[in-house]
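Visitor: my questions are about this predicted structure, shown below with the sequence.
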Amino acid sequence: MEYRRVPLVAWKKVCRPKEEGGLGIRDLGLWNKAIVGKLVNWIAKKKDSLWVKWVHQVYLKGKPWMEYTPSNESSWAWRKICKTKEDLAAGFDNGVWSVESKGYTASGCYEWLQERGPKVRWSSMVWNRWSIPKHSKFTWLILIESLNTKLKLHRIGVCDEAICCLCAQSDETQERLFSKCVYSSRVINELNSKGKMSIPSDRSLDWGVHRRGTKLQREIQMMVLMAGVYHIWNQRNRARIEGLVEMPEKITIRIIHDIKIRSGKLIKKPLAAKDRRWYEARFGEV
């Protein structure tokens with residue numbers, strides 16, 4: 001029996017660059033089109049190539065390349081090249097590739113085909129070498145509002161009710177779970193207390209963008225926040241599936257342990273005195 005699962009994020013969005021809110025995964029369909037576009041450009045430029053000369057002699061026979069239509073008897077490969085020519089026609093001006101001043105490149109054509117969108121202000125905050133990768137990916141899902149919360153599942157008939165598993169006070173939405181839920185607030189308060197952080201109660205994006213301190217301090221603060229929301233979601237899943245809810249203090253200990261292990265692997269050089277005192281006051285010796 002084949003198992004199919006609806007993806008959390010559309011593939012087109014996943015393939016967007018990280019600075020535009022995607023994962024930066026290359027769309028192989030568009031990339032293949034950009035590569036075939038090289039052949040289209042060679043024919044348009046009449047490149048000094050035996051294959052290009054053969055194409056002009058056998059297929060075009062003096063006809064304008066950008067207006068040429070292949071016959072139904074043409075080979076599959078040739079019809080695909082002609083189809084790519086039609087898809088890229090808007091990028092040519094009188095047979096010259098006008099998208100890039102330096103001439104045709106596969107990477108430039110790929111970006112053009114992607115229709116680049118606006119940049120997001122949280123990209124560098126989420127995707128950095130300090131953060132634990134699974135925490136970064138989970139935070140990304142939050143920021144693009146793609147989590148399967150109980151309210152979302154209830155609306156499509158998967159859940160019988162939408163009440164929050166952790167506080168049981170209102171419907172479970174992303175905003176409710178990570179900003180207003182009593183349980184998640186207790187976890188963040190514990191982190192602010194034991195970890196001596198200054199994460200605001202609403203876990204706003206503005207705090208993440210404008211957090212203060214040295215570079216190391218800012219990165220570790222972001223690590224703590226992302227680890228916090230990741231472990232809150234894990235606890236939510238346990239509560240929903242197993243009916244178990246751990247004390248916030250235990251979640252906090254787990255978060256601090258994750259940060260200590262991760263930062264310990266990344267800190268190679270001796271820290272400046274200011275950073276060392278800051279770090280040791282929160283996580284112990286480096």
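Guide: Arrived safely.

Visitor: buried sites along stretch 168-184?
Guide: Of the residues in stretch 168-184, 172, 173, 174, 176, 177, 178, 179, 180, 181, 183, 184 count as buried by neighbour count, 16 or more other Cβ atoms under 10 Å. (Glycine included, C-beta is placed from N, CA and C.)

Visitor: out of the residues you listed, name the ones that lie in strands.
Guide: Residues of the buried residues of stretch 168-184 located in strands (DSSP state E): none.

Visitor: adding distance to residue 233 and pLDDT, write those out as TSV.
Guide: As requested, the buried residues of stretch 168-184 are arranged in TSV below (distance: Cβ to Cβ, whole Å; pLDDT from 0 to 100):
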residue	distance to residue 233	pLDDT
172	11	91
173	13	90
174	10	90
176	13	87
177	8	89
178	8	87
179	13	84
180	15	85
181	11	89
183	12	91
184	9	90
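
Visitor: what's the closest of the residues you listed to residue 132?
Guide: Comparing the buried residues of stretch 168-184 against residue 132 with Cβ to Cβ picks out residue 178 as the nearest, at 17.5 Å.

Visitor: correct me, but that closest one touches residue 232?
Guide: Yes - with contact defined as Cβ atoms under 8 Å, residue 178 reaches residue 232; the gap is 6.7 Å.

Visitor: intersection of neighbour lists for those two?
Guide: Here residue 178 and residue 232 have residue 184 as joint contacts, going by Cβ atoms under 8 Å, 6 or more residues apart in numbering.

Visitor: what about the strands in the protein?
Guide: So, for the chain - with DSSP E - the strands run 92-93, 96-97.

Visitor: wait, isn't residue 132 in contact with residue 226?
Guide: Yes - between residue 132 and residue 226 there is a contact under Cβ under 8 Å: 7.4 Å.

Visitor: distance of residue 36 from residue 109?
Guide: Distance check for residue 36 against residue 109: by Cβ to Cβ, to the nearest Å, it reads 10 Å.

Visitor: neighbour count for those two, which is higher?
Guide: Between residue 36 and residue 109, counting by other Cβ atoms under 10 Å, residue 109 is the more crowded of the two (25 against 20).

Visitor: look up the closest residue to the more buried one, ignoring the ones flanking it.
Guide: On the basis of Cβ to Cβ, 6 or more residues apart in numbering, the spatially nearest residue to residue 109 that is not a chain neighbour turns out to be residue 34, at 4.0 Å.
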